[in-house]
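A.B. asks: build me a model:
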Amino acid sequence: MTPFIPPVLAFSLLLGTLITVTSSNWLMAWMGIEINTLAIIPFMIQSHHPRAAEATTKYFIVQAAAAAMILFAAVLKAWTAGEWVINQFSDPLSTSLLILALALKMGLAPLHSWLPDVLQGLDFSTGMILSTWQKIAPMALMVQAGKTEIPLMITLGVISVLVGGLGGLNQVQTRKIMAYSSIAHLGWMAVALPFAPHLTLMAFTLYIITTYCMFNILLMTGAKTINTLAISWAKNNAILISTPILLFSLGGLPPTLGFVPKWFILGELTANNMTVLALTVAMSSLLSLYFYLRLSYALTLTKAPNSISGLPVWRLQLTSQNTFLMAFVILIILFLPASPAALALFLP
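C.D. replies: The predicted model follows:
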């Protein structure tokens, strides 16, 4: 890839997301999503590995199908409402079709099966973009469309939390674990969306921050499996300290950053007499917490290898410093007292 291509693609990613987020027209929003999809494909295929080619092909086919469903739902909505304005959601059929298309685009269960395989075939930097930035545009449309379809959003959310927890239990590949983590977090956002869209936006923002930090650590250590992560602590003491904190935040343990949105979401569900639903998603999140603790255990409590082949790894110290990573880890630790003020930022 020539040097001037990556900045152009990065600008296209930014432009596509901004077009979708700021658009009030269905056709323009669809064009923004398509620009996003086409811009990330060269990043996915740049390694020229057969696994990357397979992941790119799967991603393109799935995203093309989702984009076709979004365009069909937009045309159907324009036909019934007589206009292309996004805020018209009076037709249940087109709204449900749109939500399912956006769920396929983001990887919500039961339309999730492409996400772990695609993420497994990518490098960590592209996987980070796919898990964070690529979800902003569909989530912006989902927040607007999901308020009216309460049963569908609750069903997608509960299934996603369960699938995200169960799917990651037996995984040893860190990229697949992050994929199922994404599915579980999207399930929490989908459950909260019909009752409190501001909590969905808050949970989505904090998820992006935590996932960005976790992918940065995996990129620095090159830990593609749990066994590789287990021998990474000797390379950098900052990784030894920050990684368990990030994993606890992804699992939603207090007093870390990830506890705040889950606590508010459970409170909102209880206030809306959805106690059984709140109990279901809270118990399902324990499944995700198990494999987060499994990663933390492998990193901090696993005995060092004493074989000759394992010794050179200990001498490869990491010297690169990531200022944003350290700042976000400090934020994850100190965020809880400031959570009411942060929640006010997302209120309508």
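A.B. asks: just give me the longest helix of the chain.
C.D. replies: If you go by DSSP state H, the chain has its longest helix at helix 50-81.
A.B. asks: I'd say residue 154 and residue 194 touch.
C.D. replies: Yes - between residue 154 and residue 194 there is a contact at 7.1 Å, judged by C-beta atoms under 8 Å. Quick note: C-beta positions are derived from backbone N, CA and C, even for glycine.
A.B. asks: do you know how far residue 48 is from residue 198?
C.D. replies: 44 Å (C-beta to C-beta, to the nearest Å).
A.B. asks: who's more crowded, the two?
C.D. replies: Shown here are residue 48 and residue 198; by other C-beta atoms under 10 Å, residue 198 has more neighbours (17 against 7).
A.B. asks: residue 218: how many residues sit nearby?
C.D. replies: Residue 218: 23 neighbours (other C-beta under 10 Å).
A.B. asks: again with residue 273
C.D. replies: Counted with other C-beta under 10 Å, residue 273 comes out at 9.
A.B. asks: let me know the pLDDT of it.
C.D. replies: Residue 273 is assigned 90 on the pLDDT scale.
A.B. asks: then residue 252?
C.D. replies: At residue 252, pLDDT is 87.
A.B. asks: OK, contacts around it?
C.D. replies: 258, 259, 262, 285, 289 (C-beta atoms under 8 Å, 6 or more residues apart in numbering).
A.B. asks: by neighbour count, which of the residues you listed wins?
C.D. replies: residue 258 (27 neighbours).
A.B. asks: residue ranges with poor pLDDT in this protein?
C.D. replies: 1, 233-238, 302-326, 334-343, 345, 347-348 (pLDDT under 70).
A.B. asks: the same query, at a cut-off of 50, please.
C.D. replies: 306, 308-311, 313-315, 319 (pLDDT under 50).
A.B. asks: the strands in it, which residues?
C.D. replies: Applying DSSP state E to the chain gives no strands.
A.B. asks: can you count the residues close to residue 88?
C.D. replies: So residue 88, with other C-beta under 10 Å, has 16 neighbours.
A.B. asks: apart from its chain neighbours, what residue comes closest to it?
C.D. replies: In space, and not counting its chain neighbours, residue 88 is closest to residue 81: 4.3 Å by C-beta to C-beta, 6 or more residues apart in numbering.
A.B. asks: hang on, the one you found packs against residue 95?
C.D. replies: No - assessed by C-beta under 8 Å, residue 81 is found out of contact with residue 95, at 10.8 Å.
A.B. asks: give me the more crowded residue out of those two.
C.D. replies: Taking other C-beta under 10 Å, residue 81 and residue 95 do not tie; residue 95 has more neighbours (21 against 15).
A.B. asks: burial check on the residue nearest to the more buried one when sequence neighbours are not counted, number of neighbours?
C.D. replies: Leaving aside its sequence neighbours, residue 95 sits nearest to residue 89 (C-beta to C-beta, 6+ apart; 5.0 Å). A count of neighbours around residue 89, defined by other C-beta under 10 Å, yields 18.
A.B. asks: look up phi and psi at residue 89.
C.D. replies: As for residue 89, its main-chain torsions (degrees, to the nearest 10) stand at phi -130, psi 50.
A.B. asks: my guess is it contacts residue 97, does it?
C.D. replies: No - checked against C-beta under 8 Å, the pair residue 89 and residue 97 is beyond contact range at 11.8 Å.
A.B. asks: what sits against residue 284?
C.D. replies: With C-beta under 8 Å, 6+ apart, residue 284 has these contacts: 158, 161, 162, 165, 184, 187.
A.B. asks: can I get these in TSV with distance to residue 296?
C.D. replies: What follows is the contacts of residue 284, written out as TSV (distance: C-beta to C-beta, whole Å):
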residue	distance to residue 296
158	26
161	21
162	22
165	16
184	17
187	22
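A.B. asks: among those residues, name the buried ones.
C.D. replies: Applying 16 or more other C-beta atoms under 10 Å to the contacts of residue 284, the neighbour count classes 158, 161, 162, 165, 184, 187 as buried.
A.B. asks: surely the fourth one and residue 283 touch.
C.D. replies: Same thing as residue 165. No - Residue 165 is beyond contact range of residue 283, at 9.4 Å (criterion: C-beta under 8 Å).
A.B. asks: returning to that earlier point: nearest to residue 71, of the buried ones among the contacts of residue 284?
C.D. replies: When the buried ones among the contacts of residue 284 are compared for distance to residue 71 (C-beta to C-beta), residue 187 wins out at 26.0 Å.
A.B. asks: so what's the closest one up against?
C.D. replies: 108-109, 156-164, 281, 284.
A.B. asks: reformat those as a markdown table; add distance to residue 301.
C.D. replies: Formatted as a markdown table, these follow (distance: C-beta to C-beta, whole Å):
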| residue | distance to residue 301 |
| --- | --- |
| 108 | 34 |
| 109 | 32 |
| 156 | 36 |
| 157 | 33 |
| 158 | 33 |
| 159 | 33 |
| 160 | 30 |
| 161 | 28 |
| 162 | 28 |
| 163 | 28 |
| 164 | 25 |
| 281 | 29 |
| 284 | 26 |
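A.B. asks: and which of those is nearest to residue 140?
C.D. replies: Among the contacts of residue 187, and counting by C-beta to C-beta, the member closest to residue 140 is residue 108, at 15.0 Å.
A.B. asks: which phi and psi does the closest one have?
C.D. replies: When read as degrees, to the nearest 10, the backbone of residue 108 gives phi -70, psi 140.
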